[in-house]
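In: Return a 3D structure for these sequence lines:
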Amino acid sequence: MTAIDLNSDLGESYGAWRMGDDETMLAIVSSANVACGFHAGDPAGIWKTVKAAAEKGVSIGAHVSYPDRVGFGRRDMDVTSGELIADVIYQIGALKGMAAAAGVTVGYVKPHGALYNRIAHDPKQGQAVIDAIKAIDPTLVLMGLANAPILALAQESGLKTVAEAFADRAYTPDGQLVSRREQGSVLHDTQLIARRMLQLAHEGTLEAIDGSTIKIDAQSICVHGDSPGAVAIAQEIRRAFEAGGITVQSFLPA
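Out: Sure thing, here's the model as predicted:
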């Protein structure tokens, strides 16, 4: 692999509550997953992030979520398909409006938190998200967990997809993310993370939490914007990629 996308979850501040360092991250990543107000993000903050991404030429994606600000979108919800379709359309529409005002477009959709994890393997909610995307803009790309069934389901439904790996998360032997409730689920050593991502880009493999080697076919790597040391992690990954002859660039056409 000679080029790979680096993405981060941004626009998540809310009122007086500050989350992450969007300005700095936007100088490192090639794609920005911008909150749409359901798990985090207020209009002023979202607008600021969209404008900054536009100025830096960073691709913009809608980071859609369950309606769960208190739980930061990390609580699973057993919503109906009709509700979920409407919620996803609403969020994408809001971000599309912001992007249009900034003179750019939304190019992809990445579900957030519990919704992301749920649809990875739940075909009912997964199809609802797919149907919502197709209803508002079938040219949007769906970003999902590498090796998860949601990617095949979306492709069968006519959507383009991009597979994602997580820089700062540990993986199980079967290629799933280790639950945040488990010890060692979140990685913090910047050099270790960079080495893992370099291995992923060069070999398509990662070391699982039990020491085994697993195959991960991913075209984008996520650094969580709200993680401690997120900027340092992203900087070290980018430095390692550039040193290894790998270009950081969006998966979307220029």
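
In: can you pull out the helices in the stretch 101-250 of the chain?
Out: Secondary structure of the stretch 101-250 of the chain by DSSP state H, counting those that start in this stretch: the helices cover 113-121, 123-136, 149-156, 190-203, 230-243.

In: so where's this protein shaky on pLDDT?
Out: Across the chain, no stretch falls below the confidence threshold (pLDDT under 70).

In: hmm, back to that, of all the helices of the stretch 101-250 of the chain, which lies closest to residue 104?
Out: The minimum distance between residue 104 and the helices of the stretch 101-250 of the chain falls on helix 123-136, with 16.8 Å, by C-beta to C-beta. (C-beta placed from N, C-alpha, C; glycine too.)

In: How about the contacts made by the closest residue to residue 66 other than its chain neighbours?
Out: On the basis of C-beta to C-beta, 6 or more residues apart in numbering, the spatially nearest residue to residue 66 that is not a chain neighbour turns out to be residue 77, at 4.5 Å. Contacts here follow C-beta atoms under 8 Å, 6 or more residues apart in numbering; on that basis residue 77 touches 66-68, 114-115.

In: buried subset of those?
Out: Buried residues within those, defined by neighbour count using 16 or more other C-beta atoms under 10 Å: 66, 68, 114-115.

In: hmm, back to that, helix/strand/coil for the residue nearest to residue 66?
Out: Of the three states, residue 77 takes coil according to DSSP: H, G, I helix; E, B strand; the rest coil.

In: Next one: it relative to residue 247, how far apart?
Out: In this structure, residue 77 and residue 247 are separated by 39 Å, where distance is defined by C-beta to C-beta, to the nearest Å.

In: now, which of the contacts of residue 77 sits nearest residue 19?
Out: Using C-beta to C-beta, residue 68 is the member of these that lies nearest residue 19, at 15.0 Å.

In: My guess is that closest one contacts residue 39. True?
Out: Yes - proximity of residue 68 to residue 39 meets the contact threshold set by C-beta atoms under 8 Å, at 5.7 Å.

In: Overlap in contacts, these two.
Out: Taking C-beta under 8 Å, 6+ apart as the criterion, residue 68 and residue 39 both touch 74, 113.

In: coming back round to it: from the buried ones among the contacts of residue 77, which is closest to residue 90?
Out: When those are compared against residue 90 (criterion: C-beta to C-beta), the nearest one is residue 66, at 12.4 Å.

In: Thanks a lot, catch you later.
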